[in-house]
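Participant: Need a 3D model of the sequence below.
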Amino acid sequence: MNTKTILLYGSCLLLVLSGVLFLNFSPPQNDFSSKVQSSLREIGHQLLLYNADSTSLVRPVLQRSPYHYQLEFQSALKIDPGVLASQFQKSLDKAKLPNSYRVEVIPCTTDAIAHSFIMNQDTKEDIVPCQGRILPSACYTVHLHFTELPNKADSIRYFTSALLILLGSFFALLFYLISIRREVKKKDKPANTNIISLGKYHFFPDQHKLHFQAQEVALSSKECELLALLANRPNEVITREELSKKVWEDKGVIVGRSLDTYISKLRKKLQLDQGIQIVNLHGVGYKLVIGKEG
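Facilitator: Residues are numbered from 1 along each chain as shown. Below you'll find the predicted structure:
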């Protein structure tokens with residue numbers, strides 16, 4: 001599996017993961033409130049059972065503020081501070097709710113606090129006064145005040161994780177698309193059309209080389225220029241004067257016997273294909289013969 005395929009599958013997987021996280025992410029306050037109300041109703045149920053009451057109702061939990069909840073009962077009941085504290089700790093721990101909070105018991109007929117206690121996770125100290133002093137049977141409301149922001153750190157970690165996954169998948173996918181675009185451009189780029197077929201050879205003038213099957217034959221610049229002139233006019237005599245002029249004299253170079261030397265070198269490099277010959281017409285010039293003798 002190549003790198004691009006891994007990037008594609010990886011980015012798709014990351015996108016799916018980030019999508020799942022975001023789709024399952026609900027505002028912390030809504031989820032928190034539901035958990036608190038469920039826990040308080042369970043606490044109310046246990047307090048009524050402690051009072052041997054299995055018929056009267058626990059009234060709907062009231063939310064007084066974002067972190068203040070009120071529990072009410074249909075009937076009068078007595079409250080044991082120890083049982084109350086134990087039920088709160090057990091129920092809130094079960095729901096994974098913050099364990100820093102304050103509980104107040106207030107009679108229905110007055111605003112005076114009949115009983116209260118504090119649970120504090122920071123100091124690891126629980127303050128539960130009046131344990132063993134049972135409040136007499138009466139109409140009470142139980143108030144729960146959270147003293148720390150609920151699930152703030154978890155919410156931040158959750159959102160950060162989803163964001164990092166989304167960003168990671170975005171950049172992985174972007175890198176993949178850029179790679180694909182480069183490859184498409186590379187494929188769309190016109191191929192080197194300056195290729196001349198000479199029998200079984202392929203001649204690349206721009207690259208100064210010949211290909212014979214899997215074999216590559218390098219050419220010098222002068223050899224390349226001479227072969228290009230001959231190959232562009234196959235089976236046609238090109239005079240010595242024209243060859244010398246275009247390859248050497250136009251560049252201010254005196255030829256002498258250089259033309260014959262380079263023709264000899266070209267013949268050796270073309271000898272792999274017996275159907276190609278550079279024929280010398282004595283005193284006149286040279287011609288490139290392809291596919292026939294003489």
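Participant: where are the low-confidence patches of the chain?
Facilitator: 1-12, 14-30, 121-132, 149-159, 162, 185-193, 250-256, 292-294 (pLDDT under 70).
Participant: and it, what are its domains?
Facilitator: Domain assignment for the chain, taken from automatic domain parsing, gives 3-152, 196-290.
Participant: I'd like to know which of these is closest to residue 170.
Facilitator: domain 3-152 (7.9 Å; Cβ to Cβ). For the C-beta atoms, the positions are set from N, CA and C on the backbone; glycine is no exception.
Participant: Distance from the closest one to the middle of the chain?
Facilitator: How far domain 3-152 lies from its chain's middle: 39 Å, per Cα atoms, centre = their mean, to the nearest Å.
Participant: any idea how far residue 237 is from the residue of the chain positioned farthest from its centre?
Facilitator: In the chain, the residue that sits farthest from the middle, by Cα atoms, centre = their mean, is residue 283; the gap is 73.1 Å. Between residue 283 and residue 237 the distance, using Cβ to Cβ, to the nearest Å, works out to 11 Å.
Participant: For the residue farthest from the centre of the chain, grab phi and psi.
Facilitator: Here is the backbone geometry of residue 283 (degrees, to the nearest 10): phi 80, psi -10.
Participant: ok, it to residue 264 distance?
Facilitator: In terms of Cβ to Cβ, residue 283 sits 17 Å off from residue 264.
Participant: and residue 225, how many neighbours?
Facilitator: For residue 225, the count of nearby residues is 19 (other Cβ atoms under 10 Å).
Participant: Repeat that for residue 174.
Facilitator: A count of nearby residues for residue 174, using other Cβ under 10 Å, gives 12.
Participant: same thing with residue 285?
Facilitator: Neighbours around residue 285, by other Cβ under 10 Å: 19.
Participant: For it, give the beta-bridge partners.
Facilitator: Applying DSSP bridges to residue 285 gives these bridge partners: residue 239, residue 281.
Participant: No further queries at this time; thank you.
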